[in-house]
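**Q** Based on what follows, work out the 3D shape:
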Amino acid sequence: MASRYSPVSMLAKLVSFPTISDRSNLALIEFVEDYLAKHGVASTRVLDATGEKAALFATIGPNVDGGVVLSAHTDVVPVEGQDWSSDPFVLRQDSGKLYGRGTADMKGFAASVLAHVPDMLAADLKAPIHIALSYDEEVGCFGAPPMIERMLEQGPRPSAVIVGEPTNMQVVTGHKGITVLKTRIHGHPVHSSQLDRGVSAISVAARLISWLDARTAENKAKASPDCPFDPPYTTLHCGTIKGGSAHNITASECEFVTDIRLLPEESGTEWVENYLRFIRSKVEPEMKAISETCHIEVTEVANVPGLAPETNGQAETLARQLTGDNGTHVVVYATEGGQFQEQGLSTIVCGPGSIDQGHQVDEFIETGELTKCSALLERLCSKLS
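**A** This is a model prediction of the structure:
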């Protein structure tokens, strides 16, 4: 017999699966598959290359083009090193707040959507509601693209996408993109007293990081006062660095990771090309003049497009009707929204909870946020019926 969950009880179930990005999410996916199947809803898995993770999508309503995708990621960030007041994978309710890893980011939205499956089935929908659950959003938004591709291949084609990241149920029409690069410098080690005969990988890294910082400064100087983002320009930031073996040896190796937060109208690929051009034309030739073995490797770890505000977008129009929110909202964090939009799907971001709680110790979502999300889903069912 099909179980009926409230948004809170469904959230408790989803939180109980420790779907940290470096672990499998298959137990959660199997639970959702079984839950949907008991309600007579077929679903499709999209496995990753390892077979240890999967995305899942399902369609409720008529098999016709149109309708709305309700999208969430199933993975959460780690809890190691955080001093939680209670078990992060056991939902705890206290004073109108629901505590647990992923409550805000973003199992609260997924739980609300799944809890309303019986209402969707009872609504006599004239246009479908598509449920889409991905993996590996937190480590680079790797799970959504193959899922989106499979959804579009299998059909039907949706008209709008609501990505339920935590926005306090405000309609967010734009966000920055993100490109993550790993740069590894191979220098030429010598005794530091013979510095001119070697190539310090650390010194080269410092030069490259300075180049990245200079680009951020240039972007800041030419930023448009009308840009809605804060900060209103693309930033290039070195987050981690390691290298060297001793104070008196020029470092043979150095590696650092760069995080580029892009305005949605800018291309991550173009920034990477500019960076590589500087390396190949300016930096490497000077290194190789000392030793031909010197070189620099740049690996693209992630490249997630931004979400650009749409003119008269179907998703925005629908979301404003459902929420009553007519404000202008953009965010600087990245979501899978840009990946849906990249495939020609009208997309916005709107979900319960605050991003301020995401990734934090004692992460929580207010029960009132789930209530507001339920109201949106009820209005959606009514509108599509």
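**Q** So, low pLDDT: which residues of the stretch 251-385 of the chain?
**A** Scanning the stretch 251-385 of the chain for pLDDT under 70 picks out no residues.
**Q** Where do the strands of it begin and end?
**A** Assignment of strands within the stretch 251-385 of the chain using DSSP state E, counting those that start in this stretch yields the ranges 253-262, 295-304, 329-331, 346-349, 364-366.
**Q** just so I know, which of those strands lies nearest S21?
**A** Closest to S21 of these, according to Cβ to Cβ: strand 295-304, at 12.1 Å. Every C-beta, even on glycine, is put in place using the N, C-alpha and C of the backbone.
**Q** by contact count, what packs against the closest one?
**A** When contacts are defined as 3 or more Cβ pairs under 8 Å, 6 or more residues apart in numbering; DSSP states H and E, strand 295-304 packs onto strand 177-186, helix 268-278, helix 284-288.
**Q** Dump those to a markdown table, plus mean neighbour count.
**A** Formatted as a markdown table, those follow (neighbours: other Cβ atoms under 10 Å):
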| stretch | mean neighbour count |
| --- | --- |
| strand 177-186 | 22 |
| helix 268-278 | 15 |
| helix 284-288 | 15 |
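**Q** Using JSON lines, lay out the ones you listed together with distance to H130.
**A** Shown next, in JSON lines, are these (distance: least, Cβ to Cβ, whole Å):
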{"stretch": "strand 177-186", "distance to H130": "24"}
{"stretch": "helix 268-278", "distance to H130": "27"}
{"stretch": "helix 284-288", "distance to H130": "48"}
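**Q** To L28, which of the strands of the stretch 251-385 of the chain lies closest?
**A** Using Cβ to Cβ, those put strand 364-366 closest to L28, at 17.7 Å.
**Q** chain center to the closest one: distance?
**A** How far strand 364-366 lies from its chain's middle: 20 Å, per Cα atoms, centre = their mean, to the nearest Å.
**Q** One more: stretch 40-47?
**A** 22 Å.
**Q** Show the average pLDDT along that stretch.
**A** The pLDDT scores in stretch 40-47 average 98.
**Q** buried sites along it?
**A** Of the residues in stretch 40-47, 41, 43, 46 count as buried by neighbour count, 16 or more other Cβ atoms under 10 Å.
**Q** Which of these fall within strands?
**A** In strands, judged by DSSP state E, the following of those are found: 43, 46.
**Q** which strands and helices sit next to the biggest helix by length in the chain?
**A** Longest helix in the chain, counting residues (DSSP state H): helix 201-221. Applying 3+ Cβ pairs under 8 Å, 6+ apart, we find helix 201-221 packed against strand 177-186, strand 235-243, strand 253-262, helix 268-278.
**Q** how much space between the most centrally placed residue in the chain and K182?
**A** Residue closest to the average C-alpha location in the chain (Cα atoms, centre = their mean): T335, at 3.7 Å. For T335, the distance to K182 equals 23 Å [Cβ to Cβ, to the nearest Å].
**Q** same thing with G306?
**A** From G306 over to K182 (counting by Cβ to Cβ), the distance is 21 Å.
**Q** next one: V301
**A** Relative to K182, and taking Cβ to Cβ, V301 is found at 6 Å.
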